[in-house]
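Participant: Provided below are the primary sequence and the corresponding predicted coordinates.
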Amino acid sequence: MAQQIVRCTHIERELSCFLEQFNPDGIFLLTDENTDKLCFSRIQSVTKLQFAKKIVIAAGDENKNVETISKVWQFLTENGASRKSLLINLGGGMVTDLGGFAAASFKRGIPFINIPTTLLGAVDAAVGGKTGINFNGLKNEIGAFAPAVAVFIDASFFQTLDHANLLSGYAEMLKHGLLGEVREVGEVGGLTDVLGFDFDDVDYKKLNDLLFESVMVKERIVLEDPTEQGIRKALNLGHTFGHAFESLSYQRKRPVLHGYAVAYGLVCELYLSFLHLNFDKKLLLQIARFVKENYGKFAFDCNDYPQLVELMRHDKKNENGQVNFTLMHAVGVVEINQTATVEEIFETLDFFREY
Ligand code: GLY
C-alpha cells in the first residue's frame, strides 16, 4: 500500500488538513522525552491536537524494547483507543519503529502517521513500513511490515541537529542517489547534486528538495517489493560492510553513528562492485573522496579483518550461509544477492584503508 509522503512547508497547516480529512475517533501522540522538549512545540497549535493524548517514552535505542512498547499498549488500552483512532509518531527512528509496531499490533492494527524529526529517520526509518523493537540483544528482532498512512517530512526539524547527525542521515541520501535512476543534467536529486551539497553552509531549503527526491527513490523500491523478497534488498547497499564497522565500533566502545558506518560501507561495496561488476573506478574514487572529506576514516588495521568478516557472517541479511551483498554495475543498476571471497573482502578493506 502506498504511503502518502507529505512534503511540508507549514507543518501545522498540512497536519491540520490531514487530520480534518482523516477524522479519527481519537488521536494519540507518541514521542520521546528529547523530542517532546525540542519538537512538540512545532505542531502543538494544531487544533485537533488539543484533544490528543500524549505518550512520552524514554529516548534511545536501548529503550526500543518490549517494556517500552508494553507501556504504549497499556496507555492505548487505558485511554480507549479503537481501530478508528490514530497514532502519531513524532521522533527519530526509535520512535517511528516502536510506535509503528505498537500501532500495527494493537487490536491487530490501527492507523498511524510518522513525523520524523531526524534526517536519518526521515530518509530511512519513517518510510517504507519496517516497524519493530529490539529483543534478546538483537536489533529489530520482533516487528512487522506496516506502512504509515502518511509521513510528514519537514526539513526545518533538522535545524537543531548537530553536524554529525546531519551527516549520518545524509549517508542514506548518498545511497539513494546511487540507487536512483540517472538524472538529466540540472534535475534535482541526482548523484551530482548529492555529492555537491555544502555541509559548511547548510542550505535547508536545498536539503529539503534533495531529501524529498531521496525519499521517493526509497518509496519506489518499497512499492515494488514491500516485504523485501527481492529488489528491496537494493536498499541494503553499503550495509553489509557498514553493519560490521558499526558492530566493531560498539565492541571497541568507540561507537560511530549508523550513517557514518553506512558511508564507509558504501565505499567498500562500490569497490567490490568495481571488482565484480566493473563499476566505474573514477566514480568510485569520487565517492571515496566525498566520504573521506566529510566522514573522515574508520580506524582499524589488518588485525581486525578476520573479526570484520566474522561480523559479516552473522549479518541477518545472509542466506544459505553466504555473506550477502548488494552491488552495482553503474548508478541506478543494482545486482542483489552477491557474494565475495574472504580474499576479496580483505582486498576491499585494504583499499578502504589506503585510498
Ligand atoms: N532500511 C532499509 C529498508 O527499509 O529496507
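Facilitator: Received, thanks.
Participant: avg pLDDT for the longest strand anywhere in the chain?
Facilitator: Of all the segments of type strand in the chain, defined by DSSP state E, the longest one is strand 138-145. The predicted model gives strand 138-145 an average pLDDT of 92.
Participant: need the residues of the stretch 101-250 of the chain near the ligand, please.
Facilitator: Where the stretch 101-250 of the chain comes near the ligand, counting by CB under 6 Å from any ligand atom, the residues are 124, 128, 130, 232, 235. Heads up, the C-betas are built off the backbone N, CA and C, glycines and all.
Participant: want to throw these into TSV with pLDDT and distance to residue 331?
Facilitator: Converted to TSV, those look like this (pLDDT from 0 to 100; distance: CB to CB, whole Å):
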residue	pLDDT	distance to residue 331
124	94	20
128	96	21
130	96	25
232	95	19
235	97	15
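Participant: out of those residues, who's the most crowded?
Facilitator: Neighbour counts for those were taken using other CB atoms under 10 Å; the highest belongs to residue 124, which has 27 neighbours.
Participant: that one and residue 172 touch, don't they?
Facilitator: Yes: under the contact definition of CB atoms under 8 Å, residue 124 touches residue 172, with a separation of 4.8 Å.
Participant: any shared contact partners between those two?
Facilitator: Residues touching both residue 124 and residue 172 (CB atoms under 8 Å, 6 or more residues apart in numbering): there are none.
Participant: from the residues of the stretch 101-250 of the chain next to the ligand, pick the one nearest residue 167.
Facilitator: Using CB to CB, residue 124 comes nearest to residue 167 of those, at 14.0 Å.
Participant: okay, and for this structure, where does confidence drop off?
Facilitator: Segments of the chain classed as low confidence (criterion: pLDDT under 70) are 1, 182-189.
Participant: the closest residue to residue 138 other than its chain neighbours and the ligand, how far apart?
Facilitator: Taking CB to CB, 6 or more residues apart in numbering, and ignoring the residues beside it in sequence, residue 138 has residue 316 as its nearest neighbour in space, at 8.0 Å. Per CB to the nearest ligand atom, to the nearest Å, residue 316 is found 12 Å from the ligand.
Participant: could you pull out the strands for the stretch 251-355 of the chain?
Facilitator: Using DSSP state E, counting those that start in this stretch, the strands found in the stretch 251-355 of the chain span residues 325-330, 333-338.
Participant: highest mean neighbour count out of those strands?
Facilitator: Comparing the strands of the stretch 251-355 of the chain by mean neighbour count (mean count of other CB atoms under 10 Å), strand 325-330 comes out on top with a mean of 22.
Participant: report whether that one contacts the ligand.
Facilitator: No: contact between strand 325-330 and the ligand is absent, the nearest approach being 10.5 Å (criterion: CB under 6 Å from any ligand atom).
Participant: counting by contacts, list what that strand packs against.
Facilitator: Here strand 325-330 is seen to pack against helix 239-251, helix 258-277, strand 333-338 when contacts are counted using 3 or more CB pairs under 8 Å, 6 or more residues apart in numbering; DSSP states H and E.
Participant: in a markdown table: those, plus distance to residue 134.
Facilitator: Formatted as a markdown table, the entries for the helices and strands packed on strand 325-330 read as follows, by distance: least, CB to CB, whole Å:
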| stretch | distance to residue 134 |
| --- | --- |
| helix 239-251 | 13 |
| helix 258-277 | 14 |
| strand 333-338 | 26 |
